[in-house]
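Asks: below are the sequence and a predicted model for it; my questions follow.
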Amino acid sequence: MDKIDNEIMIPEEVIMSKIYFIRGQKVMIDRDLAAFYGVETKALKQAVKRNIERFPDDFMFEMTKEEFEIWRSQFVTSKSDIMGLRYAPFCFTNIGVPQLSTVLKSKKAIMINLQIMRVFNKMMLMLATHNEIFQKLEQLQRNDMEQDKKIMLIFEYLKQFEENRQRESDQAERKKIGFKRDTE
């Protein structure tokens with residue numbers, strides 16, 4: 001890695017903090033990507049609009065007004081931040097972000113895209129690992145529920161056994177009534 005590459009590097013945590021969950025997908029917003037690439041959001045949007053055929057719906061979508069209002073309300077913003085939030089942003093999916101390097105041809109854009117793709121990939125691997133853990137926990141919970149049922153059944157049998165023993169004991173202690181024969 002040369003000196004230029006080191007200057008371009010953005011911490012993974014910063015990239016991860018700019019990944020949002022919208023419409024059931026992990027996406028990055030145009031203004032965050034523009035800041036990473038060192039271009040204005042307006043320039044990024046214009047480049048995408050000029051090459052819109054490269055960005056089908058599964059690569060990029062524009063937030064609806066409702067989504068935009070909800071998303072914007074989740075952030076405490078200063079007046080200067082609000083200036084950049086006048087229009088609904090473009091949302092780029094994990095396959096749309098790399099496509100940006102085809103319309104933003106700078107070395108910085110390519111390096112940032114590679115880094116973002118690596119972060120998306122790490123997130124997918126983490127998610128897969130978490131899914132395996134969740135499945136194992138679910139299996140343990142099912143096994144635990146089965147064991148609980150078996151233990152409850154044992155307690156029910158013990159309760160019935162105790163009730164039967166109590167009845168027999170009550171019968172044995174009961175005073176006998178009726179005709180008594182003297183047998184000597």
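Replies: Cool, the structure landed. Bear in mind that the values here come from a model prediction, so they are computed numbers and not experimental data.
Asks: just the strands in the chain please.
Replies: Using DSSP state E, the strands of the chain run over residues 19-22, 25-29, 60-62, 90-93.
Asks: out of these, nearest to Phe161?
Replies: strand 19-22 (55.3 Å; C-beta to C-beta). (Each C-beta comes from the backbone N, C-alpha and C, glycine too.)
Asks: most centrally placed residue in the chain?
Replies: Of all residues in the chain, the one closest to the mean position by C-alpha atoms, centre = their mean is Leu127, 7.6 Å from it.
Asks: pLDDT score assigned to that residue?
Replies: pLDDT recorded at Leu127 is 73.
Asks: so how far is Gln135 from it?
Replies: Using C-beta to C-beta, to the nearest Å, Leu127 is found at 13 Å from Gln135.
Asks: before we move on, back to that, what sits against the residue nearest to the centre of the chain?
Replies: Counting by C-beta atoms under 8 Å, 6 or more residues apart in numbering, Leu127 touches no other residue.
Asks: quick one: the helices in the chain?
Replies: 3-8, 12-17, 30-37, 41-50, 65-73, 79-83, 96-103, 107-173 (DSSP state H).
Asks: now Ala47: closest residue in space that isn't a chain neighbour?
Replies: Val103 (4.4 Å; C-beta to C-beta, 6 or more residues apart in numbering).
Asks: hmm, the one you found is touching Arg54, no?
Replies: Yes. The pair Val103 and Arg54 passes the contact test of C-beta atoms under 8 Å, sitting 6.7 Å apart.
Asks: dump the helices of the chain into a markdown table; add distance to Phe59 as well.
Replies: Shown next, in a markdown table, are the helices of the chain (distance: least, C-beta to C-beta, whole Å):
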| stretch | distance to Phe59 |
| --- | --- |
| helix 3-8 | 23 |
| helix 12-17 | 18 |
| helix 30-37 | 13 |
| helix 41-50 | 10 |
| helix 65-73 | 17 |
| helix 79-83 | 26 |
| helix 96-103 | 3 |
| helix 107-173 | 13 |
